[in-house]
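Engineer: Predicted model, plus sequence, below.
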Amino acid sequence: MSSSAGRGVQRIGILTGGGDAPGLNAVIRAVVKSAANCHCETIGLLDGFDGLTEPDQWRPLTPKDVTGILRIGGTILGTANRGNPFARPVETSDGPRPYSDRCLEMFRKLQLDALVVIGGDGTLAIAHEFFTRGMPVVGVPKTIDNDIVETTNTFGFDTAVGFATEAVDRLHTTAEAHHRIMVVEVMGRYAGWIALYAGVAGGADVILIPEIPFDLQKIADHIKRRESLGARFSIVVVAEGAWPVGGTTSVVRPAEGEYVEKLGGMGAIVTAELERLTGKETRNVVLGHLQRGGSPTSFDRLLATRFGAHAMELVLQRKFGTMVAFHPPNIVDVPLERVVGRIRTVPLDFDVLRAARSMNVSLGE
Ligand code: F6P
C-alpha cells in the first residue's frame, strides 16, 4: 500500500460497521471536523467495509455535512452487520473478487492515506486483518454491549443503560398495581453489563447475567420470600445471554456462513418457569432494538467526540493498527491485535455484583 508514501495525510476514509449504537454520528462529526482543521479531506464509506467494494459507495464529508448530527442516533454512513467477509468472494460490477483484494484495490483507487474504522469486536477484527494486509487503519470501539476489551467504556452503552433503566422504572407501575412478576429481557450478547447496570440502577429484585448461570428454583424461592415479607411484586432483569445451570443460552438463529449467532428468548423461558414455580401472574417484555435507538446521552456524546478527535491525532501521527480506548480519566490508544478474538465480561469480583447482593438482589445463584 504505497499510494500515500512520502506525502502527508491529505485524504482519509471513515466507516461504521456492525450494529448501530448511539454516538456513531458524534464520532464521525469529530473526525470530519478535526480532519478539516488540518486541511485533510474525509471520505465517508457507505455501509461498513462494503463501501470499499464499489467505486461509488462513498460520499465526501465536510464540516457542513456533519452539522447537527451530534445528537442523532444511528449513523449517517449506514452500516452492515456480517461476521467474516473474508469467507466469501464479493460480487462486484467487475465480477466476483476476493473481498480483501477488492477493498485494498478500492482503498488505493480512492487515494486514501488512512481509514478510521468505528465498530464492535467483529468490525475491529476485520480492521486488524486489513492492517496486517497493509491498510493503515485506526479503530474506534463502539457497542451498546460494552464488551470490548482494553477500554473501560464503549459509547452507546450509557444510552442503552439509561433506556433500560427507564423501562424498569416504568414496569414497576404494573408490577406493583397487579402484584405481578415482570420479566424484562435486555441485550448485551455474552456479557451482562446492560442487565447489571440497568438492573441495579432501576432497583430490580432479580438480575440474571451470562457470567453467573442461574437456578430458577432459587429465584422462585427468593420471590416467595419477598412475598412473605409483604413485597407482592418482583422485577426480573434477564440478559439475553443468560443461561440456567445445566442448560444453554437461548438462540434465535444459529451462526451460519458469515452471520454470527443471534441470541434471544431467555426472558420468555424465565417468565413461563417463574409463573409455574411461584403461581404468580408473570409477564415478559423484550426491549430489543429500542436499546440501540434514540439520542445519545451526554456521556456517550462526550466519549464519542473524544474518541473521534483522538483517532484523528493517531492518523496524523501515522500510529496505525491501533484502537482508541478509555482508561479513565484519559483517552489512550492500544494495539488492535490485543482486542481481536476477546470479549470483556463482568468480572465475578466486581463491586457492583457485591453491591447487588448486599441489597438483597438475587443473581439467581
Ligand atoms: O451488539 C449489539 C447487539 O444489539 C447485541 O446486544 C445483540 O445481541 C445484537 O446486537 C443484535 O443484533 P441484530 O441487530 O443483528 O439483531
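Structural biologist: Great, that's in hand.
Engineer: Could you check how far residue 241 is from the ligand?
Structural biologist: When distances are taken as Cβ to the nearest ligand atom, to the nearest Å, residue 241 and the ligand turn out to be 8 Å apart. Where you see a C-beta, it was placed from the backbone N, CA and C, and this is true even at glycine.
Engineer: That residue touches residue 211, doesn't it?
Structural biologist: No - with contacts counted by Cβ atoms under 8 Å, residue 241 stays clear of residue 211, the gap being 9.1 Å.
Engineer: Look at the two and report which has more neighbours.
Structural biologist: residue 241 (27 against 20; other Cβ atoms under 10 Å).
Engineer: got the contact list for that one?
Structural biologist: When contacts are counted by Cβ atoms under 8 Å, 6 or more residues apart in numbering, residue 241 is found next to 188, 189, 190, 191, 192, 209, 210, 249, 263, 266.
Engineer: Same list (those residues) but as CSV, adding pLDDT.
Structural biologist: Supplementary listing: these in CSV, determined by pLDDT from 0 to 100:
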residue, pLDDT
188, 98
189, 97
190, 98
191, 98
192, 98
209, 98
210, 98
249, 98
263, 97
266, 98
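Engineer: Among those residues, which lie within strands?
Structural biologist: residue 263 (DSSP state E).
Engineer: Now narrow the contacts of residue 241 to whatever sits close to the ligand.
Structural biologist: If you filter those for contact with the ligand, counting by Cβ under 6 Å from any ligand atom, you are left with 188, 189, 263.
Engineer: Can you flag the buried ones in the residues you listed?
Structural biologist: Applying 16 or more other Cβ atoms under 10 Å to those, the neighbour count classes 188, 189, 263 as buried.
Engineer: nearest residue to the first one other than its sequence neighbours?
Structural biologist: Closest residue to residue 188 apart from its sequence neighbours, by Cβ to Cβ, 6 or more residues apart in numbering: residue 194 at 4.3 Å.
Engineer: Verify the contact between that neighbour and residue 164 for me.
Structural biologist: Yes - under the criterion of Cβ under 8 Å, residue 194 makes contact with residue 164 at 5.9 Å.
Engineer: Spit out the residues that contact the two alike.
Structural biologist: When Cβ under 8 Å, 6+ apart defines a contact, the residues bordering residue 194 and residue 164 alike are 186, 291.
Engineer: and residue 36, what does it touch?
Structural biologist: Shown here is residue 36, whose contacts under the criterion Cβ under 8 Å, 6+ apart are 42, 62, 63.
Engineer: Can you tell me which of the residues you listed has the most neighbours?
Structural biologist: With neighbours taken as other Cβ under 10 Å, the top of the contacts of residue 36 is residue 42, carrying 25 neighbours.
Engineer: could you measure residue 37 against residue 309, distance?
Structural biologist: The spacing between residue 37 and residue 309, counted by Cβ to Cβ, to the nearest Å, is 10 Å.
Engineer: Tell me which of these two has more neighbours.
Structural biologist: Neighbours were tallied for residue 37 and for residue 309 using other Cβ under 10 Å; the higher tally belongs to residue 309 (17 against 11).
Engineer: That one: which element?
Structural biologist: Following DSSP states H and E, one finds residue 309 within helix 298-316.
Engineer: List the buried residues for that helix?
Structural biologist: Buried residues in helix 298-316 (16+ other Cβ under 10 Å): 299-301, 303-312, 314-315.
Engineer: Partner strands of whichever helix or strand comes after that helix, with direction?
Structural biologist: Using DSSP H and E, the helix or strand that directly follows helix 298-316 along the chain is strand 322-327. For strand 322-327, the paired strands and their directions (DSSP bridges) read strand 137-141 (parallel), strand 330-335 (antiparallel).
Engineer: Which of those strands sits closest to residue 346?
Structural biologist: Put simply, out of the strands paired with strand 322-327 the one that sits nearest residue 346 is strand 137-141, at 17.2 Å, with distance taken as Cβ to Cβ.
Engineer: Quick one: mean pLDDT for the helix or strand just after that closest one?
Structural biologist: Per DSSP H and E, the first helix or strand lying C-terminal to strand 137-141 is helix 157-178. For helix 157-178, mean pLDDT rounds to 98.
Engineer: And stretch 37-46, by the same measure?
Structural biologist: If you average the pLDDT values across stretch 37-46, you get 97.
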